[in-house]
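Enquirer: whatever this is, show me its structure:
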Amino acid sequence: MARQRARSPHATSPIRRPRHFAEFLRVCVPLYTRNPDPDTVARIEMNLELTAYWDRNERAFDIREEAALVTCQTLVLAGEEDPSTTIVGTEELVAALPAELTRLHRFANAGHGVFRDAPEAIGLVREFVLAEPRSPAAYS
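Expert: Here you go, the predicted model:
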C-alpha cells in the first residue's frame with residue numbers, strides 16, 4: 001500500500017520535475033516517516049542533480065547476489081509502511097542473506113526511518129551491537 005502511494009502519479013510527478021521539488025517533499029516526506037519532525041524537515045538540504053541521478057539508478061540496484069556472501073551477523077529492521085524499501089523487498093534481501101546469521105525485525109506503522117516511527121528499534125540495535133558474538137547455530 002505504501003509503495004503504491006509513493007509510486008502514484010501524485011507522489012512521483014514532482015520528482016520528475018525538479019523545479020517542483022518542494023512539492024515532492026510535501027507529498028512524499030510523510031510517506032517515509034509517520035511523524036516527520038518539522039524542524040528536521042526544515043533543515044533538509046537537497047542536491048537536485050544528485051537526487052535525480054539516484055532516482056534514475058536506484059531502480060536497477062539489486063544486492064541479493066552479494067548478500068549471499070555476507071559472513072557476519074546481520075540485523076535487519078524493516079518498517080511495514082516503508083514506500084522505498086518495501087517489506088516484500090526486505091524479505092527478498094533477507095532470504096538472500098545467510099539465514100543462520102540474519103535477524104529480521106518488522107515494525108508495523110513504521111516507514112523508512114524505523115527508529116523515528118518505532119523508537120524501540122534503538123534498543124534492538126543497542127542489544128545487537130553490544131551482544132557477544134554468537135556462533136551461527138545459536139543465532140538463528
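Enquirer: burial measure for L97, as a count.
Expert: 19 (other C-beta atoms under 10 Å). Backbone N, C-alpha and C define where each C-beta goes, glycine included.
Enquirer: what is whichever strand or helix holds E66 packed up against?
Expert: If you go by DSSP states H and E, E66 is part of helix 64-67. Under the contact definition 3 or more C-beta pairs under 8 Å, 6 or more residues apart in numbering; DSSP states H and E, helix 64-67 sits against helix 87-96.
Enquirer: so which elements touch the very next helix or strand once past the helix it packs on?
Expert: Note on helix 87-96: by DSSP H and E, the next helix or strand toward the C-terminus is strand 102-107. On a contact count with 3+ C-beta pairs under 8 Å, 6+ apart, strand 102-107 meets strand 74-79, helix 87-96, helix 120-130.
Enquirer: can I see the domain layout of this protein?
Expert: 2-60, 64-139 (automatic domain parsing).
Enquirer: looking at the residue nearest to the spatial centre of the chain now. What's its pLDDT?
Expert: Geometric centre of the chain, nearest residue: H112, 4.0 Å, by C-alpha atoms, centre = their mean. Per-residue pLDDT puts H112 at 89.
Enquirer: quick one: contacts for it?
Expert: 32-33, 79, 82-85 (C-beta atoms under 8 Å, 6 or more residues apart in numbering).
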